[in-house]
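Asker: Prediction below, plus the sequence it came from.
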Amino acid sequence: MANVTVIGAQWGDEGKGKIVDWLASRADAVVRFQGGHNAGHTLVVGEQVYKLSLLPSGIVTGTLSIIGNGVVLDPWHLKSEIAKLESQGVVINTSNFAIADNCPLILPLHRDLDGLREQAAGAGKIGTTGRGIGPAYEDKVGRRAIRVCDLAHLDSLDAQLDRLCAHHDALRAGFGQPPVDREALLTELREIAPFVLQYAEPSWKRLQTVRKAGARILFEGAQGVLLDVDHGTYPFVTSSNTVSGTAASGSGLGPNATGFVLGIVKAYTTRVGSGPFPTELEDETGQRLGERGHEFGTVTGRKRRCGWFDAVLVRQSCAISGVTGIALTKLDVLDGFDKVRICTGYRLGGKVLDYFPSHAADQAGVEPIYEEMDGWNGTTAGARSWADLPAQAIKYIQRVQELIETPVALVSTSPEREDTILVRDPFVD
Ligand code: GDP
Ligand code: IMO
Ligand code: MG
């Protein structure tokens, strides 16, 4: 059995979607295990561009795709994303797509609360995607959530709705908002229920069956380790655990099923939303990285903050997530730079650190220590084999893997599916 778990090793948008899509043709099932439609995964196949937020990236190749229990699911968004992909010719039906029936729902009241809180926070806002992710996870942990399986029992939802609305009405009152309109919510749920229920099942069982039959399972993470609610730049994080360990709990398969952990790592660093970012460049170089890398968010269209590669952060992410090998993406964006820099340590209060501290003030206060390397002549864009890479680009890759203490398994050199160099096949670990 050779399964693969794909996670982002920075602040998200590392190119997970592209890599999952590339690997999906070799997998028998792809399962999303956390996050929700805050994710934005872009897949480029020839002339077609697919933008996925909630659906597993395996759906485009027609691979069995499952939304696991660890995901928070907005049923109305699901419907529109499916319609959009179908209009692009993607086939989605009950034989290639399933949703865990114990998945909690994101409701309009969650989106409301996300927006109200961000608005009230002013300059101190997290910069969320505004999709209700945090409030939906809070209700899951607070044992107030409405779940996919509840959609089949809407006539006996009274007690659950009492609990949920009591909580939200108090919060809404604090923001000067009217109580939740229960009847309207129930009507909306009744309308959407049949659409969601056609795909709902105890999906751990289907995964177990395919696993027993020797299938290769690909676990698809969203966001990145630095947005993890425990290990990330708290409180500027998302509300789920984004580390590889979540693949087990968020899919219903045990930790012995998660296999090779493939960390997706951008050849430089980006972040969208607020929070510390030691190697951020607010100058022309940062601007150039953003332009060359087309660094605009898929979900919100926001400009992503850009900076040099931070080996300290990625080494930490790889350690915390037990990364077996990385996929180094967007190497081509560094083409044409005379010099490239890598952060190898931090200075904080007269001390040198080889790790990222936990406290928000320390995270904001660290100063990066850089190592500078020559850039490369020629281009890596579109390279499909190691031999196509300029010697100096290979030196950069080798230095990265040395500093992060983790080997490179794949290199990505353009958005296009096939512009990928296989160094070590994660499925035959
Ligand atoms: P994800 O959230 O990790 O799936 O990443 P996103 O899709 O949000 O952002 C990555 C962006 O970079 C997308 O627009 C991809 O099409 C693009 N991309 C992925 N790999 C490469 C690469 O190797 N080179 C370039 N130039 N673009 C890439
Ligand atoms: P993918 O899967 C980048 C960020 C938001 C914000 C913080 C909390 O495409 O890599 P949330 O809406 O989750 O409560 O927002 O997390 N964020 C992401 N940043 N890529 C993502 O997903 C993200 N999902 C959430 O910008 O800073
Ligand atoms: Mg993204």
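Answerer: Alright, I've got the coordinates. Ligands and ions are numbered 1, 2, ... in the order given.
Asker: Please count neighbours and contacts with C-alpha atoms only from this point.
Answerer: Will do.
Asker: Walk me through the domains of the protein.
Answerer: 4-101+199-260, 108-196, 266-422 (automatic domain parsing).
Asker: Deepest in the core, which of those domains is it.
Answerer: The highest mean neighbour count among the domains of the chain, using mean count of other CA atoms under 10 Å, belongs to domain 4-101+199-260: a mean of 22.
Asker: That one and ligand 1 in contact?
Answerer: Yes - under the criterion of CA under 6 Å from any ligand atom, ligand 1 is reached by domain 4-101+199-260 at 12, 13, 14, 15, 16, 17, 18, 40, 41, 42, 43.
Asker: Check stretch 324-343 too.
Answerer: Yes - under the criterion of CA under 6 Å from any ligand atom, stretch 324-343 makes contact with ligand 1 via 329, 330, 331, 332, 333.
Asker: number of nearby residues for residue 105?
Answerer: 25 (other CA atoms under 10 Å).
Asker: per-residue pLDDT, it?
Answerer: Here the pLDDT value assigned to residue 105 is 98.
Asker: Whatever residue of the stretch 51-200 of the chain ends up closest to ligand 1: which element?
Answerer: Sorted by distance to ligand 1 under CA to the nearest ligand atom, the residues of the stretch 51-200 of the chain start with residue 51, at 7.6 Å. When elements are assigned from DSSP states H and E, residue 51 belongs to strand 48-52.
Asker: quick revisit: could I get the domains of the chain in JSON lines, plus columns for distance to residue 428?
Answerer: Converted to JSON lines, the domains of the chain look like this (distance: least, CA to CA, whole Å):
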{"stretch": "domain 4-101+199-260", "distance to residue 428": "9"}
{"stretch": "domain 108-196", "distance to residue 428": "35"}
{"stretch": "domain 266-422", "distance to residue 428": "11"}
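Asker: I'd like these laid out as a markdown table, including mean pLDDT.
Answerer: Formatted as a markdown table, these follow (pLDDT from 0 to 100):
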| stretch | mean pLDDT |
| --- | --- |
| domain 4-101+199-260 | 97 |
| domain 108-196 | 97 |
| domain 266-422 | 97 |
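Asker: export those to CSV and tack on distance to ligand 2?
Answerer: Listed next are the domains of the chain as CSV, based on distance: least, CA to the nearest ligand atom, whole Å:
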stretch, distance to ligand 2
domain 4-101+199-260, 3
domain 108-196, 3
domain 266-422, 4
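Asker: Which among those domains is found nearest to ligand 3?
Answerer: Closest to ligand 3 of the domains of the chain is domain 4-101+199-260 (CA to the ion; 3.7 Å).
Asker: show me where the chain has helices.
Answerer: Along the chain, counting by DSSP state H, helices occupy 16-24, 75-87, 108-121, 133-141, 158-174, 182-197, 203-212, 246-249, 284-292, 311-320, 360-365, 391-404.
Asker: Can you give me the first-to-last residue distance of stretch 92-111?
Answerer: Start-to-end span of stretch 92-111 (CA to CA, to the nearest Å) is 27 Å.
Asker: which residues make contact with it from outside it?
Answerer: Contacts to stretch 92-111, defined as CA atoms under 8 Å, 6 or more residues apart in numbering, come from residues 59, 62-75, 82, 86, 130-136, 140, 145-149, 168, 180, 198-204.
Asker: Let's see that with 6 Å instead.
Answerer: 64-69, 72-74, 131-132, 135-136, 145-149, 199-203 (CA atoms under 6 Å, 6 or more residues apart in numbering).
Asker: And stretch 199-213, by the same measure?
Answerer: Contact partners of stretch 199-213, identified using CA under 6 Å, 6+ apart, comprise 94, 98, 99, 100, 101, 252.
Asker: cool, and stretch 367-387?
Answerer: So stretch 367-387 is in contact with 332, 335, 337-347, 389, 392, 413-414, 419-421, going by CA under 6 Å, 6+ apart.
Asker: try stretch 112-124
Answerer: Residues contacting stretch 112-124 (CA under 6 Å, 6+ apart): 125, 130, 132.
Asker: mind exporting it as PDB, just the C-alpha atoms?
Answerer: C-alpha atoms of stretch 112-124 as PDB (Å, rounded to 0.1, in the frame of the first residue of the first chain):
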ATOM      1  CA  ASP A 112     -22.600  36.600   9.000                       C
ATOM      2  CA  LEU A 113     -20.600  36.100  12.200                       C
ATOM      3  CA  ASP A 114     -17.300  35.900  10.400                       C
ATOM      4  CA  GLY A 115     -18.000  39.200   8.700                       C
ATOM      5  CA  LEU A 116     -19.300  40.900  11.800                       C
ATOM      6  CA  ARG A 117     -16.200  39.900  13.800                       C
ATOM      7  CA  GLU A 118     -13.800  41.000  11.100                       C
ATOM      8  CA  GLN A 119     -15.600  44.300  10.800                       C
ATOM      9  CA  ALA A 120     -15.500  44.900  14.500                       C
ATOM     10  CA  ALA A 121     -11.800  44.000  14.700                       C
ATOM     11  CA  GLY A 122     -10.800  46.900  12.400                       C
ATOM     12  CA  ALA A 123      -7.000  47.000  11.900                       C
ATOM     13  CA  GLY A 124      -6.700  43.900  14.200                       C
END
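Asker: State the distance from the residue nearest to residue 234 when sequence neighbours are not counted to residue 276.
Answerer: The shortest distance from residue 234 to any non-neighbouring residue, by CA to CA, 6 or more residues apart in numbering, is to residue 360 (6.8 Å). Noted for residue 360: a distance of 8 Å to residue 276, by CA to CA.
Asker: again, but for residue 396
Answerer: 25 Å.
Asker: So what does residue 424 look like in phi/psi?
Answerer: The phi/psi pair for residue 424 (degrees, to the nearest 10) reads phi -150, psi 120.
Asker: Once you drop chain neighbours, what's closest to it?
Answerer: Using CA to CA, 6+ apart, the nearest residue to residue 424 is residue 409, at 4.6 Å.
Asker: now swap in residue 347 and tell me
Answerer: Residue 347 sits nearest to residue 367 (CA to CA, 6+ apart), 5.0 Å away.
Asker: what do you get for residue 396?
Answerer: Leaving aside its sequence neighbours, residue 396 sits nearest to residue 373 (CA to CA, 6+ apart; 7.7 Å).
Asker: re earlier: among the helices of the chain, which comes closest to residue 298?
Answerer: Comparison of the helices of the chain against residue 298 by CA to CA identifies helix 16-24 as nearest, at 11.5 Å.
Asker: hey, what's residue 67 bridged with?
Answerer: In this entry, residue 67 is beta-bridged to residue 32, residue 99, by DSSP bridges.
Asker: Fine by me, thanks again.
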